[in-house]
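Here's a sequence, model it:
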Amino acid sequence: MHKVQTSSGTSFVPRCTGAMPSKPRGPGLAPGLAQPRGRARPALSVLSGFHSPSTRHAQTARHGKGAENKDYERIGSEFHRWVRDKKSELGLEGTDAFSRFVHRDLDFYARHALRIHHAGQKFTEGLESIYFNQQRSFTTQRQLLLAAIQPSDSAAEVERKLRLVADYLDIWLTRQTWNNKVT
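Residues are numbered from 1 along each chain as shown. Okay, here's the model as predicted:
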């Protein structure tokens with residue numbers, strides 16, 4: 001618990017527990033959420049340094065409507081063609097490199113993506129913040145968590161990184177909620 005100064009006095013609120021306000025913060029808000037109904041969530045500028053495992057390699061992005069698709073858009077819509085065109089920049093020269101990518105890297109990220117998904121659906125000891133963030137419908141959590149880990153990390157290091165990023169997101173989302181900011 002920590003003290004928060006509000007217009008109506010001092011309140012004690014839980015720290016990093018994933019608790020949500022029990023009633024709306026104003027007209028047009030969905031019950032229990034500090035977000036207006038029907039409004040899209042803006043991109044998280046505070047977390048712009050994080051990239052998903054595939055988009056960290058994007059060098060260009062489309063600017064404006066009708067412009068040619070660049071790396072970022074191609075990764076989302078035609079990943080297989082983008083990989084084929086950028087194989088040398090990705091270090092995928094030769095059969096061994098492709099085999100490593102499929103058998104080690106892809107398998108590693110798929111296993112942890114499933115683990116993160118299950119931790120978001122069911123309360124898991126050690127990964128509690130993932131569950132709380134998922135209950136807030138924070139849709140980019142999986143990409144941010146996967147961006148923090150690498151196939152060369154030990155199991156203990158992966159666990160520590162997942163907890164660290166998820167806890168940070170939980171604290172950030174809790175502060176956004178209590179400050180009545182849309183996330």
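
now the end-to-end length of stretch 139-157.
24 Å (C-alpha to C-alpha, to the nearest Å).

any idea of the pLDDT on residue 67?
Per-residue pLDDT puts residue 67 at 66.

what about residue 91, which SS state?
Classification of residue 91 using DSSP: H, G, I helix; E, B strand; the rest coil returns coil.

And it, how far from residue 65?
Relative to residue 65, residue 91 is positioned 34 Å away (C-beta to C-beta, to the nearest Å). From N, CA and C alone the C-beta is placed, and that goes for glycine too.

same deal with residue 130?
For residue 130 relative to residue 65 (C-beta to C-beta), the value is 36 Å.

Same check on residue 119?
38 Å.

Looking at the two, which has the bigger crowd around it?
residue 119 (23 against 5; other C-beta atoms under 10 Å).

any weak-confidence spans in the chain?
1-59, 62, 67, 182-183 (pLDDT under 70).

Against which helices or strands is the lengthiest helix in the chain packed?
Ordering each helix of the chain by length in residues (DSSP state H) puts helix 155-178 first. Identification of packing neighbours for helix 155-178 by 3 or more C-beta pairs under 8 Å, 6 or more residues apart in numbering; DSSP states H and E yields helix 107-121, helix 128-135, helix 141-148.

Of those, which stretch is the most buried?
Comparing the helices and strands packed on helix 155-178 by mean neighbour count (mean count of other C-beta atoms under 10 Å), helix 128-135 ranks first with a mean of 22.

Spatially nearest residue to residue 121, not counting backbone neighbours?
In space, and not counting its chain neighbours, residue 121 is closest to residue 134: 7.1 Å by C-beta to C-beta, 6 or more residues apart in numbering.

hang on, the one you found packs against residue 122?
No - here residue 134 lies out of contact with residue 122, judged by C-beta atoms under 8 Å, at a distance of 9.9 Å.

Give me the angle between the longest helix of the chain and helix 107-121.
40 degrees (axes from the mean of the first three to the mean of the last three C-alpha atoms, to 10 degrees).

got the angle for helix 155-178 vs helix 128-135?
Using the same axes, to 10 degrees: helix 155-178 against helix 128-135 is 40 degrees.

Which phi and psi values does residue 88 adopt?
phi -70, psi -40 (degrees, to the nearest 10).

No further queries at this time; thank you.
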